[in-house]
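# I would like the atomic coordinates for the input below:
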Amino acid sequence: MISFVLPAHNEEELLGETLTAIRAAADAVSEPYELVVVDDASSDRTGDIALAHGARLERVEYRQISRARNAGARVANGDRFIFVDADTIISERTLRAALAAMDAGAVAGGATLRMDGRVPVYIHGLLAVTAAVMRRKNWIAGCYVFCTREAFQAAGGFDESLFATEEIAFSKAVQQIGRVVILDEEVITSGRKARSHSGWDLVRLLAVFAVRGQSMLRSRKHLALWYGGRRRDESR
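Reported below is the predicted structural model:
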């Protein structure tokens, strides 16, 4: 069985579209599957939307992506996990490629990312450089992570001391267990953060990281890009 695990905080706007896309892809590959939505301290209709789309709902009060993902894995029944962010659209082609990779012996992997809508020009360059580095190092982008249950457990899941880049730590851990692949097939993730935050927001984030180093990643205090109040995406 495939377990799709979706961490979600106040995702009423995009969650339904994501779940619909997952269902369409999973139905097309004709394998048993389940949808597990981890509603992490939402104050909107995230939970209601998850239930309306037939998902199993796990409610937590963590406000931490790594812990929310792990909470979903704990209640999941599948022997293969696919972690999908609530603002990310997957296709049948990408799902088939992920399953084929695991059938061929890969223990984990990710996909090529594309952002929806219009984003600032500098974001395209930043994404291209980031994608090249991550592919070279076999680091998995967090919006779409697939792995076997066995590999997930052997790696100890996502590092709960981290509030960001937990998928990089997970990538390094599973590389010690077996083969990790980054698919050429795409997933489409929301470009809302790129549209609603300025380049100066990114510069400030990098400046804090330069001063504080990795200790910055162990608290949500300086990670407003992930944990700050959601800004309106005028493109939708």
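# Next, the buried residues of stretch 180-191.
For stretch 180-191, the neighbour count (16 or more other Cβ atoms under 10 Å) marks 180-183, 185-191 as buried. Quick note: C-beta positions are derived from backbone N, CA and C, even for glycine.
# Can you list the helices and strands that the longest helix belonging to the chain packs against?
Criterion DSSP state H: the longest helix present in the chain is helix 121-137. For helix 121-137, the packing partners by 3 or more Cβ pairs under 8 Å, 6 or more residues apart in numbering; DSSP states H and E come out as strand 108-115.
# which residues does the most centrally placed residue in the chain contact?
Nearest to the mean C-alpha position of the chain, by Cα atoms, centre = their mean, lies residue 143 at 2.3 Å. Residue 143 makes contacts with 84-85, 87-88, 113, 187, 189, as judged by Cβ atoms under 8 Å, 6 or more residues apart in numbering.
# what does the longest helix of the chain contact?
By Cβ under 8 Å, 6+ apart, the surrounding residues in contact with helix 121-137 are 112-113, 115, 139-141, 171, 182, 191, 194, 199.
# Give me the buried positions along that helix.
If you call a residue buried by 16+ other Cβ under 10 Å, then helix 121-137 has these buried ones: 123, 127, 134.
# that's a strand at residue 83, yeah?
Yes - when DSSP: H, G, I helix; E, B strand; the rest coil is applied, residue 83 is found to be in a strand.
# Could you say which helix or strand holds residue 27?
Using DSSP states H and E, residue 27 falls within helix 15-29.
# If you rank every helix and strand of this structure by mean pLDDT, what lands last?
Least confident helix or strand, the chain: helix 199-212 with a mean of 57, by mean pLDDT, DSSP states H and E.
# what's the burial count for the nearest residue to residue 140 once chain neighbours are set aside?
Residue nearest to residue 140 in three dimensions, not counting chain neighbours: residue 110, with 3.5 Å by Cβ to Cβ, 6 or more residues apart in numbering. Residue 110 is flanked by 26 other residues according to other Cβ atoms under 10 Å.
# Many thanks, we can stop here.
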